[in-house]
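Enquirer: Give the three-dimensional model of this entry:
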Amino acid sequence: MLKAVQQIMLGSVTKNETQARETLRRISAAGYDGVELNRFMIHPSGMMVRALTRMAGMPTGKGGRLDWETLIRESGLKVSALHTDLGSLEQNPEETLADAEKFGTDVIVITGMYRFDYSNAENMRKLAERLNTAGESLRKSGKRLLYHNHNIELTRTGDGRRAFEILIDETDAENVNFEFDSYWFADGGAEPAAWARKLGKRMQAWHVTDRGCRVNGQSMTPILKEDSVELGCGNMDLEGLMEIARENGTKTVVLESHRNWVEKDPVRSLEISAEWLDVHVR
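Expert: Numbers count the residues shown, from 1 in each chain. From the prediction side, this is the model:
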């Protein structure tokens, strides 16, 4: 199983090429095999993209100005996948394919839909059709399409199913599979293990984050705010999820956490998480 880090963690520590080179060096030294890149972070991105990702707690930073092809090659890390949005893939598939070729990856990941009604069953069926069409085109070009969930896919739709169920039921496994994010389903009140089992072999990648609370010293109340924490430092059954991932034949496990890093340092955070991965990934 390949171990990778999601680039969204690195926006604050890849502000220039010197800093980016040192960050990638530490990722490799911690035992990771690769990184998962985002097209909106390896190219200059528009104001709306930057604003939306910042609102979601995952700022893109200014890395779009850097020579990522050279940085990745020098680091010796692999690119496990390339994240993009469905609209860009549909409108300019050649650009996405060119990036995938440049970075030597055969996996394209759709990161979810912005300003989209997930509660509408017909919308979800149309989204499944769009994913099938895009996935078929990518397959014919030697690439694989994965869909990455957040918590909104747990929304109930008009036909009684959750939005994620419609995507599973109405996409063709030959053309569309999944990068399962267990943190977001736990955040949405679901049981991640049940959904991982439901995905089965279609869970081709796993976004892993632990979930818990931080407190230093006395707390004013017994209720703490939860957030992502380093692997093994929270309360998710990561060992159970890892076992399911092995059973599913999941190819890649990708670390992604959001803002709540130990020492406010994403690189130190991923180094701590690497210790858990070293024990449990085999």
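
Enquirer: Quick one: residues contacting Asp106.
Expert: Contacts for Asp106 (CB atoms under 8 Å, 6 or more residues apart in numbering) come out as Ala100, Gly142, Lys143, Arg144. C-beta here means a position set from N, CA and C on the backbone, and glycine is covered the same way.

Enquirer: before we move on, which element is the second one in?
Expert: No secondary structure element spans Gly142, as it lies outside all helices and strands (assigned by DSSP states H and E).

Enquirer: can you list the weak-confidence ranges in the chain?
Expert: Residues of the chain that meet the criterion pLDDT under 70 lie in 45-63.

Enquirer: can you map out the strands along it?
Expert: 2-6, 34-38, 78-84, 107-110, 144-148, 176-181, 203-208, 210-213, 226-229, 252-255 (DSSP state E).

Enquirer: Next, the buried residues of the fifth one.
Expert: Right, strand 144-148. By neighbour count on 16 or more other CB atoms under 10 Å, the buried set for strand 144-148 is Arg144, Leu145, Leu146, Tyr147, His148.

Enquirer: ok, the last one - contacts?
Expert: Looking back up the chat, that one is His148. The neighbours of His148, taking CB under 8 Å, 6+ apart as the test, are His83, Val109, Ile110, Thr111, Gly112, Phe178, Glu179, Asp181, His207.

Enquirer: Going by neighbour count, which of those are buried?
Expert: When the contacts of His148 are checked for burial by 16+ other CB under 10 Å, the buried set is His83, Val109, Ile110, Thr111, Gly112, Phe178, Glu179, Asp181, His207.

Enquirer: Regarding the fifth one, what are the backbone dihedral angles?
Expert: Its backbone dihedrals place Gly112 at phi 110, psi 170, with angles given as degrees, to the nearest 10.

Enquirer: ok, it touching Asn151?
Expert: No: counting by CB atoms under 8 Å, Gly112 sits too far from Asn151 to count as a contact (9.9 Å).

Enquirer: Can you get me a residue count around Asp278?
Expert: Asp278 is flanked by 12 other residues according to other CB atoms under 10 Å.

Enquirer: Please tell me how far it sits from Asp99.
Expert: As judged by CB to CB, to the nearest Å, Asp278 and Asp99 stand 30 Å apart.

Enquirer: same check, this time on Gln19
Expert: Relative to Asp99, Gln19 is positioned 22 Å away (CB to CB).

Enquirer: now swap in Gly76 and tell me
Expert: Between Gly76 and Asp99 the computed distance is 20 Å (CB to CB).

Enquirer: go on, Arg214?
Expert: Using CB to CB, Arg214 is found at 37 Å from Asp99.

Enquirer: who's more crowded, those two?
Expert: Set Arg214 next to Asp99 and count neighbours by other CB under 10 Å: Asp99 wins out with 20 against 13.

Enquirer: residues in contact with that one?
Expert: Asp99 makes contacts with Arg39, Ile42, Leu82, as judged by CB under 8 Å, 6+ apart.
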